[in-house]
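> below are the sequence and a predicted model; questions follow.
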Amino acid sequence: MDNKYKIKYNQIKSDRRAVKRSNKRSITGEEVIFIFEKVLECWNTIRIFNTIIQTNPNSSADKKIVEAVSTGNCKVYPNELSKEKYDIYLELRTMVYNFHNTK
(Lines give C-alpha, C1' and ligand atoms only; values in the text may rest on other atoms or scores of the structure.)
Protein backbone atom coordinates (compact mmCIF):
# COMPACT_ATOMS: atom_id res chain seq x y z
CA MET A 1 0.00 0.00 0.00
CA ASP A 2 2.80 2.39 0.83
CA ASN A 3 4.34 2.09 -2.65
CA LYS A 4 0.96 2.83 -4.29
CA TYR A 5 0.67 6.15 -2.47
CA LYS A 6 4.28 7.03 -3.18
CA ILE A 7 3.77 6.52 -6.92
CA LYS A 8 0.60 8.61 -6.86
CA TYR A 9 2.33 11.33 -4.84
CA ASN A 10 5.26 11.45 -7.28
CA GLN A 11 2.89 11.71 -10.24
CA ILE A 12 0.97 14.59 -8.65
CA LYS A 13 4.25 16.30 -7.77
CA SER A 14 5.53 15.90 -11.33
CA ASP A 15 2.31 17.31 -12.81
CA ARG A 16 2.34 20.26 -10.44
CA ARG A 17 5.97 21.00 -11.28
CA ALA A 18 5.26 20.86 -15.03
CA VAL A 19 2.39 23.34 -14.72
CA LYS A 20 4.43 25.67 -12.52
CA ARG A 21 7.43 25.68 -14.86
CA SER A 22 5.37 26.12 -18.03
CA ASN A 23 3.55 29.08 -16.44
CA LYS A 24 6.87 30.56 -15.35
CA ARG A 25 8.18 30.28 -18.91
CA SER A 26 5.22 32.44 -20.01
CA ILE A 27 5.37 31.42 -23.68
CA THR A 28 3.61 28.52 -25.34
CA GLY A 29 5.16 25.36 -26.68
CA GLU A 30 4.27 26.50 -30.20
CA GLU A 31 6.28 29.68 -29.70
CA VAL A 32 9.24 27.64 -28.44
CA ILE A 33 9.15 25.56 -31.62
CA PHE A 34 8.95 28.76 -33.69
CA ILE A 35 11.98 30.20 -31.90
CA PHE A 36 13.97 26.99 -32.44
CA GLU A 37 13.13 26.98 -36.16
CA LYS A 38 14.21 30.58 -36.60
CA VAL A 39 17.44 30.08 -34.65
CA LEU A 40 18.34 27.29 -37.05
CA GLU A 41 17.63 29.71 -39.92
CA CYS A 42 20.18 32.11 -38.31
CA TRP A 43 17.71 34.82 -37.37
CA ASN A 44 18.73 37.36 -34.72
CA THR A 45 16.83 37.14 -31.44
CA ILE A 46 15.44 40.64 -31.82
CA ARG A 47 14.00 39.70 -35.21
CA ILE A 48 12.43 36.57 -33.71
CA PHE A 49 10.99 38.62 -30.85
CA ASN A 50 9.56 41.27 -33.20
CA THR A 51 7.98 38.60 -35.40
CA ILE A 52 6.32 36.92 -32.42
CA ILE A 53 4.94 40.22 -31.17
CA GLN A 54 3.69 41.23 -34.62
CA THR A 55 1.95 37.92 -35.32
CA ASN A 56 0.46 37.62 -31.83
CA PRO A 57 0.13 40.93 -29.96
CA ASN A 58 -1.35 39.08 -26.95
CA SER A 59 1.80 36.99 -26.54
CA SER A 60 3.57 37.45 -23.24
CA ALA A 61 6.96 36.92 -24.87
CA ASP A 62 9.81 39.03 -23.60
CA LYS A 63 13.12 39.68 -25.32
CA LYS A 64 15.05 38.05 -22.48
CA ILE A 65 12.84 34.97 -22.64
CA VAL A 66 13.39 34.72 -26.39
CA GLU A 67 17.16 34.98 -25.85
CA ALA A 68 17.07 32.26 -23.19
CA VAL A 69 14.96 29.93 -25.33
CA SER A 70 17.14 30.52 -28.40
CA THR A 71 20.03 28.79 -26.63
CA GLY A 72 17.97 25.60 -26.47
CA ASN A 73 17.63 25.90 -22.72
CA CYS A 74 13.88 25.51 -22.53
CA LYS A 75 11.83 22.53 -21.49
CA VAL A 76 8.41 21.89 -22.96
CA TYR A 77 6.38 19.16 -21.31
CA PRO A 78 4.53 16.44 -23.26
CA ASN A 79 1.14 17.58 -21.97
CA GLU A 80 1.57 21.01 -23.62
CA LEU A 81 1.77 19.76 -27.20
CA SER A 82 0.37 16.97 -29.34
CA LYS A 83 2.52 13.86 -29.75
CA GLU A 84 3.71 14.89 -33.23
CA LYS A 85 4.56 18.45 -32.17
CA TYR A 86 6.38 17.17 -29.09
CA ASP A 87 8.52 14.88 -31.26
CA ILE A 88 9.32 17.85 -33.52
CA TYR A 89 10.23 19.89 -30.43
CA LEU A 90 12.65 17.20 -29.23
CA GLU A 91 14.36 17.04 -32.63
CA LEU A 92 14.63 20.81 -32.88
CA ARG A 93 16.00 21.11 -29.36
CA THR A 94 18.87 18.71 -30.10
CA MET A 95 19.53 20.53 -33.38
CA VAL A 96 19.69 23.89 -31.56
CA TYR A 97 22.09 22.45 -28.96
CA ASN A 98 24.31 21.09 -31.75
CA PHE A 99 24.04 24.40 -33.64
CA HIS A 100 25.38 26.33 -30.66
CA ASN A 101 28.09 23.77 -29.88
CA THR A 102 29.53 23.92 -33.40
CA LYS A 103 29.95 27.70 -33.40
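Yep, it's here.
> now the nearest residue to residue 67 once chain neighbours are set aside: how far from residue 25?
Spatial nearest neighbour of residue 67, excluding adjacent residues (Cβ to Cβ, 6 or more residues apart in numbering): residue 45 at 4.9 Å. Where you see a C-beta, it was placed from the backbone N, CA and C, and this is true even at glycine. According to Cβ to Cβ, to the nearest Å, residue 45 and residue 25 sit 16 Å apart.
> what of residue 7?
From residue 7 over to residue 25 the distance is 27 Å, taken as Cβ to Cβ.
> now the helix or strand containing residue 64: buried residues?
If you go by DSSP states H and E, residue 64 is part of helix 63-70. Neighbour-count burial for helix 63-70 flags 65, 66, 69, 70 (criterion: 16 or more other Cβ atoms under 10 Å).
> how about the nearest residue to the first one, chain neighbours excluded?
By that I understand residue 65. Nearest residue to residue 65, sequence neighbours excluded (Cβ to Cβ, 6+ apart): residue 27, at 6.0 Å.
> on the three-state scheme, the one you found is what?
Secondary structure assignment for residue 27 (DSSP: H, G, I helix; E, B strand; the rest coil): coil.
> tell me who's in contact with it.
By Cβ atoms under 8 Å, 6 or more residues apart in numbering, the contact list for residue 27 reads 59, 60, 61, 65, 69.
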